[in-house]
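# mind folding the following:
(chains A and B)
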Amino acid sequence: MRNFRIGLLLGFRQIQRANIWTTSLIIFVMALTFINLIAVSGILVGLIAGSERALQEKSLGDIIITTLDNEDNIINTESLVRQLDQFPEISSYTVRYQAVGQIEANYKTRRDFSQDPNIVSGRLIGIDPEAEDAVTGLSKSVVEGEYLNSDEDGYLLLGALNIDRYTAGFADITGSLKEVYPGDAVRVTVNGNSKEFIVKGIVNTKVGEVSTGIFIPERELRRLGGQINRDAQEIALRLSPTADDQLIKANLVALELDAQAKIRTFEEAIPKFIVDIKNTFNILGVFIGAIGIIVASITIFIIIFINAISRQRQIGILKGIGIERRVIEIAYVLQSAFYALVGSLIGVAITYGFLVGFFERNPIDFPFSDGILVAEPMGTLYRFLILFAITLVAGFLPAWLIVKRNTLNSILGRKS
Amino acid sequence: MTDIIQASGITRTFGKGDLMIQILKGIDITVADGEFVAIMGKSGAGKSTLMYQLSVLDEPTSGTIIIDDVDVVTLNEHEQTAFRLNTLGYVFQDYALVPDLSAQENVMLPLLMRGQSWPEAEKTACLALDAVGLAGKYKNLPGQLSGGEQQRVSIARAVAGKPKIIFADEPTANLDSVSGHQVVELITSLNRDSGQTVVMVTHEREYALGCNRIFHMEDGLVVDVEKLKS
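Below you'll find the predicted structure:
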């Protein structure tokens, strides 16, 4: 304790009397290192987190109920939905019917039958427009035309990735409709039954499930597919902000609804490839951060080494008058701690006070997501502790190297 | 009076093989408790090297040194540091103050290391600075003091803990004549008033006239012991 107190005095006074610009520069380097540590991995992970968030907001909801693995439909969907109505924590839900069908456009104006028809196979999603909008805000994703009305028939919404002008070439494999605009008539065929629809709007998001879909009112899809019952393929639930998704899921399972359908929280339903990309980006971020830490620790090492070597004689004299080695080492370690602490605090302030908000307001426009900056407090604390510990070692090593030299040689400036 | 320093057969050799140089060639020296002695000689005579051996800053190649009944040659590094802290005081040629600490904190440093509390060390440091004529300059940094004043802070630091022996390595070397005399007078008065043993290395005879004895060195040997007063 005595050694620490005297080391604190020496270290504090060295910082206090040091050149303000030098100190500021060191702290600036430490702050940048810390931001590098947080921001690089945070942005990489944020690209995927943005994708996950979009998936949750625009498709999966907070809890997603789907068919059991060996079933085509959610068993007795109507009774399950009645159970959902009993949960006040479920603020809204949307029941989706799905079928694969064909959409043909411009068939009325087709003159040359030797050419391929303007046709595409697609995933038809039957929805209650109001319920779907309440859960996923689908109406906000309409980029051309208008959203569906619940009380009108004969209209559909086309996902943008079914149309050639939105696919920019990469949908050549699956095909896309050419020259289709809101107001155009298209022919939808499901199970051999065809019906003409008017394209009411085009929806476009960075969520593939939405942008590749074709949305029509659920009663029309059931009618077209010849489905008599109301057994659906998917139900997305939106919970109230305070609700715990795991708890709600557990309650649904307790009602044995898992015998009728697969019930998963949003996290559980995230496609594996997204989780894999996220983990890869995390590793990449850690790797880049590690390089940052190494650079910072070398910087601190050099700073403390130069500081200590330029005070070699003073260190020798301190030892000469009876100051223990440990005290002098503590003084230098405390200096390093100061640089790391202040630098990191400034880094934290910049990250949480500016960067997180900035990327929230101005997300990075990535093809499959709006990238944000993910900086979770525990992760930040973890990185701070790593940086802090490594900085302490980087401060201790040069001090130890100088302080362990022969006392008289240090005083006289002789080589050991 | 008993001998507080007893050194016998002290040799100090630097280098190896053909490059080996023997700076001290077998010195026997004793200093009585409360005595003020000076070590004089030309450059290269070995006077500073001898002082480093006696002040436990260096270890002789051979010989024994007993200080205050402790065989200091056998001490390990940690014990030597503690011994220097508790038994010896140093005044270096270039003051050797910590530039980031105030005059008062410089004096407090070894006191805190000895285990004094902060207020206790502050009080002792102020008294020591008052004694060397630096009242009112407690908070000054070394850079804000003249050379003479800095050397007086150095003396205050050396004596504040009341060590048994004070070693002064050419304390006047960097000072003008007036300051030099003031510093030597201060060291002499400390010896006279407090009875602390003083071993001083100096080039100039006029500064050594207040001593009890002068050891004259030449080529690594004490060639003459001049007794000035008993």
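
# ranges for the strands of the stretch 1-150 of chain A?
A:63-66, A:90-105, A:118-127, A:142-145 (DSSP state E, counting those that start in this stretch).

# now do the third one against strand A:90-105, angle only.
When axes from the mean of the first three to the mean of the last three C-alpha atoms, to 10 degrees is applied, the directions of strand A:118-127 and strand A:90-105 differ by 160 degrees.

# adjacent strands (with direction) for strand A:118-127?
strand A:90-105 (antiparallel), strand A:213-217 (parallel) (DSSP bridges).

# give me whichever of those strands is most buried.
For these, the largest average neighbour count (mean count of other C-beta atoms under 10 Å in any protein chain shown) is found in strand A:213-217, namely a mean of 25. For the C-beta atoms, the positions are set from N, CA and C on the backbone; glycine is no exception.

# quick one: name whatever helix or strand follows that strand.
Using DSSP states H and E, the helix or strand that follows strand A:213-217 towards the C-terminus is helix A:218-225.

# contacts for that next one, please.
Contact with helix A:218-225 is made by A:95-97, A:99, A:101, A:124-128, A:153-154, A:188, A:190-191, A:193, A:195, A:227-228, A:230, A:232, as judged by C-beta atoms under 8 Å, 6 or more residues apart in numbering or on different chains.

# just the buried members of those residues?
Among these, the ones that count as buried by 16 or more other C-beta atoms under 10 Å in any protein chain shown are A:95-97, A:99, A:101, A:124-128, A:188, A:190, A:195, A:227, A:230, A:232.

# specify which member of these is nearest to chain B.
Of all the buried ones among the contacts of helix A:218-225, residue A:96 has the smallest distance to chain B: 71.7 Å, by C-beta to the nearest C-beta.

# contacting residues for that closest one?
Per C-beta under 8 Å, 6+ apart, neighbours of residue A:96: A:125, A:126, A:127, A:132, A:218, A:232, A:233, A:234, A:235, A:236.

# same question for residue A:254.
No contacts exist for residue A:254 under C-beta under 8 Å, 6+ apart.

# what number of residues lie near residue 133?
If you meant another chain, say so; for now it's chain A. Residues within reach of residue A:133, counting by other C-beta atoms under 10 Å in any protein chain shown, total 19.

# oops, wrong one, chain B.
Residue B:133 has 14 neighbours, counted by other C-beta under 10 Å.

# which SS state does it fall under?
With DSSP: H, G, I helix; E, B strand; the rest coil as the basis, residue B:133 sits in coil.

# state the pLDDT value of it.
Among the per-residue scores, residue B:133 shows a pLDDT of 83.

# can you pull the contacts of it?
Counting by C-beta under 8 Å, 6+ apart, residue B:133 touches B:152, B:186.

# now it: how far from residue B:153?
According to C-beta to C-beta, to the nearest Å, residue B:133 and residue B:153 sit 11 Å apart.

# let me know whether residue A:23 touches residue A:15 as I believe.
Yes: between residue A:23 and residue A:15 there is a contact at 6.7 Å, judged by C-beta atoms under 8 Å.

# check contacts around residue B:158.
By C-beta under 8 Å, 6+ apart, the contact set of residue B:158 is A:321, B:89, B:90, B:91, B:166, B:168.

# also residue A:284?
Contacts of residue A:284 (C-beta under 8 Å, 6+ apart): A:41, A:44.

# for it, phi and psi?
phi -60, psi -40 (degrees, to the nearest 10).

# any figure for the gap between it and chain B?
43 Å (C-beta to the nearest C-beta, to the nearest Å).
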